[in-house]
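> Have a look at this fold, sequence not included:
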Ligand SMILES: [Zn+2]
């Protein structure tokens, strides 16, 4: 049976970065032509699954491994399941069919899957149970429940990194309406209908609707991106108008996302637009559904956060920024006008933190609350007033154009995106760089990669994560302060923690 | 925020202190932190606030506002929004290894916090001679 002809639409997608696919190939398809088993560890991200960790089962842990069948030892299988449950991960039992290019489950495979179903779905009802098979050119993954077995769509991130391409038997189903061929006539001549349909099936989250984000949002709508989520908590000020195309004096005081929602809809009425006037840190549930995140924001803490979120959920992220350097002379002279575009494909290219980007002093300032900021200024740790950075629309347009180019490449999958682009509009110098995850990155090769929705890393953590919390008491814990009775250790301190914190054993688990 | 890293911190601190963690993983309380010589009382709470982008960004440290230092001036204590607490200024402490606390012999962030608590009149414990020797002494 070949999966390519299946008519059912997979509800779930499993995201796998290219290096994990390579690790699977290396573990499973060896020159001796024997079938082998490998284990995959998955986390959940909303309805989807993330896989980055692949474990080769050594030959000595195979009960048998021949050109026609394979099976690991029972002990080895049990230990794998135990590792998955204690780390809040979901098991994928992979095996290979080195005798064929395609990927399908044999009758013997199905019988074995059935035995696992009986064993595991009752014992671990909260675990997803997955089986995968790899031929030379194809990969198939199915999710097995107590009732049935369904193919899962496979989304390989950074496919261009694969030396030998692997074709998933199932990919996310195109469910967008037919492309408006009149509106997109000139695009169809460039991307073809298949390409334009891919764009229509792509959901891009635009973080920040300021100078760069406003151009990005409108350009993506006109490009034919099917779904846009616009995120920005701020309102339009007069000083924003020179950099917000389509906005006029009448828009001052309006939320940036509302103004952009209207402009994007006018640009492409078929585009499904959601606008959220909140700080990005409060939009997790919206971002989780995005295929690509783009951000053009000033706040470095927001960029750190989006980067970590993207790495955690294996969502490609394009970070756009501009820097204008001027002399101290009066009037100032422009020395450089730089655009920085970084395309982050988690687990495949370097992330924002891999390259140690960002400004620690600015991040420190942003992390202070108003009382702390006042104290820090008084002590001379930080400057009293920070002047706004210079910004001009033409540089933002350049940044937005390169960002859209990266989105297009990611969505169409025809060309690899440029991982890092730096362009100086004064000198005309441009640097295009390939990047790779950095082994000392605190985010990507720490333990954020593909963490997904999981918060725990070991059985001992389950005790922490499941501790009760009194939400009602959280609201204003400090109002309970009794200043007349407090001694050196004020009751407010106790109340503050009693409400927000769960007590845990003092012994080392 | 990486909750797994916070759990690792929790387990490491638990071997030494009574520890409480907020469910939102934003605050970690060490109930019986052993303040260095000169602080009154020596055993008191200390709380750690984790930023959204932890461990990319360093956490903030808070000590009870009426914990007294009996041996001189204190330069690192700042007003904050938490009633009953003061923020212990750590902006001079580098956050390069992205480790709040470790089980190995390497000097970690909390070792330097301890050094600055031991020499609260010193602006930068990494530059002044006394705290440096303090760091060498404890390791
Ligand atoms: Zn990284």
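Noted; the coordinates are in hand. Computed from a predicted structure; not experimentally measured.

> Residues of chain B that sit close to the ion?
With the criterion set to C-beta under 5 Å from the ion, chain B never comes near the ion. Glycine gets a C-beta too; all of them are placed from N, C-alpha and C.

> Scan the chain for its longest helix.
Answering for chain A, as no chain was given. Scanning chain A for the longest helix, with DSSP state H as the assignment, gives helix A:393-412.

> should've been chain B
Chain B, longest helix under DSSP H: helix B:3-14.

> Give me the contact status of that helix with chain A.
Yes. Contact between helix B:3-14 and chain A, assessed by C-beta under 8 Å from any C-beta of the partner chain, occurs at B:3-5, B:7-8, B:10-11, B:14.

> what packs against that helix?
If you count contacts as 3 or more C-beta pairs under 8 Å, 6 or more residues apart in numbering or on different chains; DSSP states H and E, helix B:3-14 packs onto helix A:459-465, strand B:19-22, strand B:27-34.

> rank those by pLDDT, which is bottom?
The weakest mean pLDDT among these belongs to helix A:459-465, with a mean of 54.

> Surely residue A:199 is within a helix?
Yes. Per DSSP: H, G, I helix; E, B strand; the rest coil, residue A:199 lies within a helix segment.

> Give the burial count for the residue lying closest to it once chain neighbours are set aside, as a bare number.
Distances taken as C-beta to C-beta, 6 or more residues apart in numbering or on different chains place residue A:224 nearest to residue A:199, at 4.5 Å, with adjacent residues excluded. Residues near residue A:224, counting by other C-beta atoms under 10 Å in any protein chain shown, number 25.

> need the contact list for residue A:224.
When contacts are counted by C-beta atoms under 8 Å, 6 or more residues apart in numbering or on different chains, residue A:224 touches A:179, A:184, A:187, A:196, A:199-200, A:268, A:271.

> tell me the pLDDT at it?
97.

> Distance of it relative to residue B:74?
Separation of residue A:224 from residue B:74 (C-beta to C-beta, to the nearest Å): 61 Å.

> Pass me the low-pLDDT residue ranges in the chain, would you?
Looking at chain A here, since you left the chain open. A:1-10, A:173-176, A:445-446, A:456-509 (pLDDT under 70).

> Chain B is the one I meant
For chain B, the stretches flagged by pLDDT under 70 are B:124-139.

> how about 50 then?
Along chain B, segments meeting pLDDT under 50 span B:137-139.

> Just want the residue of chain B that's nearest the ion.
Closest contact between chain B and the ion, by C-beta to the ion, is at residue B:56 (9.3 Å).

> where does the stretch 51-200 of chain A come near chain B, residue by residue?
Contact residues (C-beta under 8 Å from any C-beta) of the stretch 51-200 of chain A with chain B: there are none.

> Tell me which residue of the stretch 51-200 of chain A lies closest to the ion.
Taking C-beta to the ion, the stretch 51-200 of chain A has residue A:52 as its residue nearest the ion, at 12.9 Å.

> Repeat that for the stretch 201-350 of chain A.
Per C-beta to the ion, residue A:350 is where the stretch 201-350 of chain A lies closest to the ion, at 5.9 Å.

> what about that residue, neighbour count?
By the criterion of other C-beta under 10 Å, residue A:350 has 24 neighbours.

> List phi and psi for it.
For residue A:350, the backbone dihedrals (degrees, to the nearest 10) come out as phi -60, psi 150.

> and it, what does it touch?
Going by C-beta under 8 Å, 6+ apart, residue A:350 touches A:342, A:344, A:419-420, A:435-438, A:441, A:444.

> Quick one, which of those residues are buried?
Among the contacts of residue A:350, those buried by neighbour count (16 or more other C-beta atoms under 10 Å in any protein chain shown) are A:342, A:344, A:419-420, A:435, A:437-438, A:441, A:444.

> For the helix or strand harbouring residue A:335, name the packing helices and strands.
According to DSSP states H and E, residue A:335 maps onto strand A:334-344. Under the contact definition 3+ C-beta pairs under 8 Å, 6+ apart, strand A:334-344 sits against helix A:300-313, strand A:317-326, helix A:393-412, strand A:420-424.

> Could you list the domains of chain A?
A:7-172, A:185-433, A:467-509 (automatic domain parsing).

> Quick check: end-to-end length of the second one?
So the one you mean is domain A:185-433. End-to-end distance for domain A:185-433, by C-alpha to C-alpha, to the nearest Å: 34 Å.

> And that domain, how far out from the chain middle?
15 Å (C-alpha atoms, centre = their mean, to the nearest Å).

> okay if I get the helices and strands packed on strand A:334-344 as a markdown table plus distance to the ion?
Formatted as a markdown table, those follow (distance: least, C-beta to the ion, whole Å):
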| stretch | distance to the ion |
| --- | --- |
| helix A:300-313 | 6 |
| strand A:317-326 | 11 |
| helix A:393-412 | 18 |
| strand A:420-424 | 13 |
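
> highest average neighbour count across those?
Comparing the helices and strands packed on strand A:334-344 by mean neighbour count (mean count of other C-beta atoms under 10 Å in any protein chain shown), helix A:300-313 ranks first with a mean of 26.

> Do that helix and chain B come into contact?
Yes. With C-beta under 8 Å from any C-beta as the measure, helix A:300-313 is seen reaching chain B through A:301, A:304-305, A:307-308, A:312.

> Run through the neighbouring helices and strands of that helix.
Under the contact criterion of 3+ C-beta pairs under 8 Å, 6+ apart, helix A:300-313 touches helix A:284-287, strand A:292-295, strand A:317-326, strand A:334-344, helix A:360-367.

> Let's see that with 7 Å instead.
Under the contact criterion of 3 or more C-beta pairs under 7 Å, 6 or more residues apart in numbering or on different chains; DSSP states H and E, helix A:300-313 touches strand A:292-295, strand A:317-326, helix A:360-367.
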